[in-house]
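**Q** this one's sequence-less:
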């Protein structure tokens, strides 16, 4: 067990997993594209525009999940001062921001043919935009504030405020009357998406998760080398 | 494969733009991250080469440093 917590073993493991993901990522992306553009049926109301769902929904899920995880890690790091946790949240933030950006733009591209508008200041869309600002502030906080303690404090504050926004994003479609539809996929409740569309969605989610893992591992190695480089200068 | 596959009854522009944007952003992030990683690894090796023999042998006692050096030599 101790072996798995050893930073050198973790670094070694990230290299191994990276090589493994690099082999499979391209075929998985191709399978995901084939399923979402060729195999998945048209929606009976929205037609082909519904295919945007296969990039929009997994992106939104990953951006929300990343921020929730970042918040948890930065709070734990603030309380227990575990240095390696800051490496993890620093590696996660750019991934979350990228997928948040993708979710907003693809949502806008989906909105035009279905709602007749690129953008509406409705609760779901606005709270997703606010999440993007939280991501930007969070990244700026650890990039430009050199004082580690001060940066950690700001990161924790931003992540707690952002966490409140995550709850608002999740329930915005229930609390307010929004243009954005209510959740179609529920873990505990009824899922209203047909099986033939659920499979491509699952494949695209898996594809994006693999890509996220690839970037995360590369970022983790970057942050680890940065720390060790600082140590070299002290020699 | 007919033209309608690309046009998608007028929705093609939105669908293709969404997929193109998604994969462009992902590719950009991947290339940027890889470039930074390669540069950092290279800089790290260069900095270790500038160390004295004693400093370098002390440094190599740290397992993680060994891992960084080994991973760079494999690339």
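**A** Received it, and whenever you're ready, just let me know what you need. Since the model is a prediction, treat every value here as computed from it, not as a measurement.
**Q** Run through the residues that contact the residue most central in space within chain B.
**A** The C-alpha lying nearest the average C-alpha coordinate of chain B belongs to residue B:34 (CA atoms, centre = their mean; 1.7 Å). Residues near residue B:34 by CB atoms under 8 Å, 6 or more residues apart in numbering or on different chains: residue A:218. Placement of C-beta: from N, CA and C, glycine included.
**Q** What of the one 10 residues further on?
**A** By CB under 8 Å, 6+ apart, residue B:44 lies in contact with A:225, A:228-229, A:232, B:68, B:72.
**Q** Farthest pair within those residues?
**A** Set against one another by CB to CB, the contacts of residue B:44 have their most distant pair in A:232 and B:72, with a gap of 14.0 Å.
**Q** low-confidence ranges in chain B?
**A** Scanning chain B with the threshold set as pLDDT under 70 gives B:1, B:71-75.
**Q** tell me how far the longest helix along it is from the chain's mean position?
**A** Once chain B is assigned using DSSP state H, the helix that runs over the most residues is helix B:12-49. Chain-centre distance of helix B:12-49: 5 Å, with CA atoms, centre = their mean, to the nearest Å.
**Q** Break down chain A into its helices, ranges please.
**A** Using DSSP H, helices in chain A cover A:2-5, A:7-34, A:53-80, A:83-115, A:123-144, A:148-175, A:195-234.
**Q** Which elements pack onto the last one?
**A** Right, the one you point to is helix A:195-234. Other elements packing on helix A:195-234 under the criterion 3 or more CB pairs under 8 Å, 6 or more residues apart in numbering or on different chains; DSSP states H and E are helix A:7-34, helix A:53-80, helix A:83-115, helix B:12-49, helix B:63-74.
**Q** Let's see that with 6 Å instead.
**A** Secondary-structure packing of helix A:195-234 (3 or more CB pairs under 6 Å, 6 or more residues apart in numbering or on different chains; DSSP states H and E): helix A:7-34, helix A:53-80, helix A:83-115, helix B:12-49.
**Q** Using TSV, lay out these together with distance to residue A:164.
**A** Listed next are these as TSV, based on distance: least, CB to CB, whole Å:
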stretch	distance to residue A:164
helix A:7-34	32
helix A:53-80	10
helix A:83-115	16
helix B:12-49	27
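**Q** among the ones you listed, which gets the worst mean confidence?
**A** Here the lowest mean pLDDT among the helices and strands packed on helix A:195-234 goes to helix A:7-34, at a mean of 90.
**Q** Centre of the chain to that helix, how far?
**A** 17 Å.
**Q** From residue B:60, how far out is the residue of chain B positioned farthest from its centre?
**A** Distance from the C-alpha centroid of chain B, by CA atoms, centre = their mean, peaks at residue B:9 (38.3 Å). Residue B:9 sits at a distance of 64 Å from residue B:60 (criterion: CB to CB, to the nearest Å).
**Q** Residue A:13 now?
**A** Distance from residue A:13 to residue B:60, by CB to CB: 20 Å.
**Q** So these two - more neighbours on which side?
**A** Applying other CB atoms under 10 Å in any protein chain shown to residue A:13 and residue B:60 shows that residue A:13 carries more neighbours, namely 15 against 12.
**Q** tell me how far stretch A:153-163 is from the chain's mean position?
**A** The chain centre lies 17 Å from the centre of stretch A:153-163; the measure is CA atoms, centre = their mean.
**Q** buried ones in that stretch?
**A** Within stretch A:153-163, the residues scored as buried using 16 or more other CB atoms under 10 Å in any protein chain shown are A:154-156, A:158-159, A:162-163.
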